[in-house]
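Student: Structural data only, the sequence is not supplied:
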């Protein structure tokens, strides 16, 4: 029963990480594509994803170098840190009246301001690359940590999250904007807190 719980939590943690962090990258890509140019956005997105995937492989191999109990403790700390961040996001959007749409609008304007127009060039690739790298790195840390017990289910969760984002993006980015960000942050906070505590406690007790 415990193993099933770990599998489910591993899947959910990765799924939520991709859904939340990936939604921001997807929204930015869809809203800036006309101003930056499709080739610029696509090149920045792909190059960012490649770097993020390399980071994931590096983290997974680093985890393999250490005893599983110590990896469990480190993974627990990472998950609890991001649980705190999602909890802070829930508080900001639900209790403080934060507006996710306005936040994304500001990020869009900042990215466009750094560009030179829609012509294809290296400068226009950088803003989308950095946006993908920043959000992707956070998702990668969560996926790698949640996969400390079951890498396969962590990957399944990530793939499921990507599938949902692609489905939304294929219809309209407006549906992504309508997702209740505070609800996503709350669920992520609960899942990551639960998983983080389990990893941290189990690692400490085994040592």
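Tutor: Arrived safely. Predicted model, so just to flag it, every value in this text is computed and none were measured. Residues are numbered from 1 along each chain as shown.
Student: Tell me which helix or strand in the chain has the weakest average pLDDT.
Tutor: Among the helical and strand segments of the chain, the one scoring lowest on mean pLDDT, DSSP states H and E is helix 173-178, with a mean of 74.
Student: Now that helix: buried residues?
Tutor: 173, 176, 177 (16 or more other C-beta atoms under 10 Å). Any C-beta I mention is one placed from the backbone N, CA and C, and that applies to glycine too.
Student: go on, stretch 56-76?
Tutor: 56, 59, 60, 63, 71, 72, 73, 74, 75, 76.
Student: ok, these vs residue 126, which is closest?
Tutor: Using C-beta to C-beta, residue 56 comes nearest to residue 126 of the buried residues of stretch 56-76, at 21.8 Å.
Student: That closest one against residue 139, yeah?
Tutor: No: Residue 56 sits out of contact with residue 139 when judged by C-beta atoms under 8 Å, with a separation of 9.1 Å.
Student: list the buried ones in the next helix-or-strand element following the least confident helix or strand of the chain?
Tutor: Once the chain leaves helix 173-178, the next helix or strand it forms, by DSSP states H and E, is helix 181-206. For helix 181-206, burial by neighbour count (16+ other C-beta under 10 Å) applies to 181-182, 184-196, 198-200, 202-203.
Student: repeat for stretch 97-108
Tutor: Buried, per 16+ other C-beta under 10 Å, within stretch 97-108: 100, 104, 107, 108.
Student: avg pLDDT for it?
Tutor: Averaging pLDDT along stretch 97-108 yields 79.
Student: neighbouring contacts of it?
Tutor: 24, 27, 28, 31, 32, 92, 93, 131, 177, 181 (C-beta atoms under 8 Å, 6 or more residues apart in numbering).
Student: got it, and stretch 200-207?
Tutor: 69, 70, 71, 72, 73, 75, 76, 77, 80.
Student: same thing but 7 Å
Tutor: If you take C-beta atoms under 7 Å, 6 or more residues apart in numbering as the criterion, stretch 200-207 is touched by 69, 70, 72, 73, 76, 77, 80.
Student: again with stretch 165-182
Tutor: 19, 22, 23, 26, 27, 30, 31, 90, 93, 94, 100, 101.
Student: The third one in helix, strand or coil?
Tutor: Put plainly, it is residue 23. Under DSSP: H, G, I helix; E, B strand; the rest coil, residue 23 falls in the helix class.
Student: ok, now how distant is the residue lying closest to it once chain neighbours are set aside from residue 146?
Tutor: For residue 23, ignoring the flanking residues on the chain, the nearest one in space by C-beta to C-beta, 6 or more residues apart in numbering is residue 176 at 5.3 Å. According to C-beta to C-beta, to the nearest Å, residue 176 and residue 146 sit 23 Å apart.
Student: packing partners for the strand or helix carrying residue 79?
Tutor: In the assignment (DSSP H and E), residue 79 maps to helix 68-90. Applying 3 or more C-beta pairs under 7 Å, 6 or more residues apart in numbering; DSSP states H and E, one finds that helix 68-90 makes contact with helix 122-146, helix 181-206.
Student: After the first one, which helix or strand is next?
Tutor: Downstream of helix 122-146, the first helix or strand assigned by DSSP H and E is helix 151-171.
Student: Which of the residues in that next one are classified as buried?
Tutor: 151, 153-158, 160-161, 164-165, 168-169.
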